[in-house]
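Student: Predicted model, plus sequence, below.
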Amino acid sequence: YHHRGAAINAISNVLEWDMPKHAVYLWTLPMFHCNGWCFPWTVAARAGVNVCLRRVEAQAIFDAIREHGVTHYCGAPIVHGLLVNAPAAMKAGIPAGVKAMVAGAAPPASMIEGMEAMGFDLTHVYGLTEVYGPATVCAQHEVWDALDIGERARLNARQGVRYHLQRDVRVLNPETMQPVPQDGETMGEIMFKGNIAMKGYLKNPKATQEAFTGGWFHSGDLAVQYPDGYFKIKDRSKDIIISGGENISSIEVEDVLYRHPDVLAAAVVARPDPKWGETPCAFVELKLGAQTTPEEIVAHCKKHLAGFKVPRFVVFGELPKTSTGKIQKFELRKRAGSAQAIDV
């Protein structure tokens, strides 16, 4: 990291959120995770108030919002899901207009709807550690407000507008380094260029050289780009499931799983298969008291996905997560081999 990158991304956070002086910022996102997305300096730049938590739990978050007049917070999708699925009594007295920033997986329709019901203003950003946290945003258009929740979720699931002080972000063919057609179908890799990019990997010149091949930082995230310039992340290159020669986006399958009313959290990984090479294996964490069966989950997926994308394995249970709330897919890959098949 270099000081310039951290400083200008902190300022970009201010500009993106139009953050006023004396904002009250709640730390649901750990400061140790990617420098807290540079928000320690963002809050300082606006002479803001930092509200800290001992533990990330719904009751403590709602109490802090009421007691301290929290105006802004950031978090992984699982944190926002925690709030949306909290009991109604816990949400009583929450003021409207709290600004929330979500990064990681795109927010499903149920999350957007739940946040709106609480009166929260949700902003979807994308980035990674090597670009100091959020470096692109789904800049919303006023006309989207009149659309139904499903269409708004589809539009809000996209990215593509670079942070103010980031020089450029594009979806490029990693072989030719040329932009992919803006057809919403051709897959390429998201790449960044500018001062909001790391100097390199510490004491690893080979990895640094590979990451900056062609003068762009290669994110490792695969995406398609649309005619309006926005792009949608399809998967990490390492998370794409190749089944019978067809590419399956784990994110696409996860989006469908989140639409099921009993699903609290979901993750999809590749499971080795002697016939197809790989097949999707879904790990699902159900909401408290839910009685859904694996067969019902598969039936739900069949309504929204092509047959070859439907998970052939469904495993219920609590998902392993990092201290920042990210689901640990590498742990799930280890478990996938022992999963029981579902008749699809």
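Tutor: Ah, there it is. Numbers count the residues shown, from 1 in each chain.

Student: can you pull out the helices in the stretch 151-300 of the chain?
Tutor: In the stretch 151-300 of the chain, the helices defined using DSSP state H, counting those that start in this stretch lie at 205-211, 250-258, 294-304.

Student: Against which helices or strands is the second one packed?
Tutor: Using 3 or more C-beta pairs under 8 Å, 6 or more residues apart in numbering; DSSP states H and E as the contact criterion, the secondary-structure elements in contact with helix 250-258 are strand 231-236, strand 263-273, strand 277-286, helix 294-304. Just so you know, the C-beta spots here come from the backbone N, C-alpha and C atoms, and that holds for glycine as well.

Student: out of those, which comes closest to Pro134?
Tutor: Pro134 lies closest to strand 231-236 among the helices and strands packed on helix 250-258, at 13.3 Å (C-beta to C-beta).

Student: re the thing from before, for Glu252, find the nearest of the helices and strands packed on helix 250-258.
Tutor: Among those, strand 231-236 comes nearest to Glu252, with 7.0 Å by C-beta to C-beta.

Student: To what extent is Leu222 buried, counted in neighbours?
Tutor: Neighbourhood size, Leu222 [other C-beta atoms under 10 Å]: 22.

Student: okay, now the closest residue to it other than its chain neighbours: neighbour count?
Tutor: Using C-beta to C-beta, 6 or more residues apart in numbering and skipping the chain neighbours, the partner closest in space to Leu222 is Lys234 (4.9 Å). Residues lying near Lys234 (other C-beta under 10 Å) number 20.

Student: quick one: contacts for Lys234?
Tutor: 187, 222-224, 240, 249, 251-252 (C-beta atoms under 8 Å, 6 or more residues apart in numbering).

Student: Same question for Asp148.
Tutor: If you count contacts by C-beta under 8 Å, 6+ apart, Asp148 has none.

Student: Buried residues of stretch 210-230, list them for me.
Tutor: 211-212, 216-226, 230 (16 or more other C-beta atoms under 10 Å).

Student: between those, which is closest to Ala76?
Tutor: Nearest to Ala76 among those is Asp221, at 16.0 Å by C-beta to C-beta.

Student: Relative to Gly245, how far out is Lys275?
Tutor: 12 Å (C-beta to C-beta, to the nearest Å).

Student: The helices and strands packed on helix 250-258 into TSV, with extra columns for mean pLDDT and distance to Val98?
Tutor: Supplementary listing: the helices and strands packed on helix 250-258 in TSV, determined by pLDDT from 0 to 100; distance: least, C-beta to C-beta, whole Å:
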stretch	mean pLDDT	distance to Val98
strand 231-236	82	26
strand 263-273	91	22
strand 277-286	92	25
helix 294-304	94	31
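
Student: now the ones you listed as JSON lines including distance to Leu15?
Tutor: Listed next are those as JSON lines, based on distance: least, C-beta to C-beta, whole Å:
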{"stretch": "strand 231-236", "distance to Leu15": "21"}
{"stretch": "strand 263-273", "distance to Leu15": "32"}
{"stretch": "strand 277-286", "distance to Leu15": "36"}
{"stretch": "helix 294-304", "distance to Leu15": "37"}
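
Student: Quick one: closest of these to Gly160.
Tutor: Nearest to Gly160, of all the helices and strands packed on helix 250-258, is strand 231-236, at 4.5 Å by C-beta to C-beta.

Student: by how many degrees do the closest one and strand 263-273 diverge?
Tutor: 50 degrees (axes from the mean of the first three to the mean of the last three C-alpha atoms, to 10 degrees).

Student: what angle separates strand 231-236 from helix 250-258?
Tutor: Using the same axes, to 10 degrees: strand 231-236 against helix 250-258 is 100 degrees.

Student: which one of the helices of the stretch 151-300 of the chain is the most hemmed in?
Tutor: Of all these, helix 250-258 has the most neighbours on average by mean count of other C-beta atoms under 10 Å, namely a mean of 22.

Student: Other residues contacting it?
Tutor: Here helix 250-258 makes contact (C-beta under 8 Å, 6+ apart) with 105-106, 108, 110-111, 157, 233-235, 239-241, 263, 266-270, 280, 282, 284, 297, 300-301, 304-305, 309, 311.

Student: what distance separates that helix from the centre of its chain?
Tutor: 12 Å (C-alpha atoms, centre = their mean, to the nearest Å).

Student: Before I go, just wanted to say thanks for your time.
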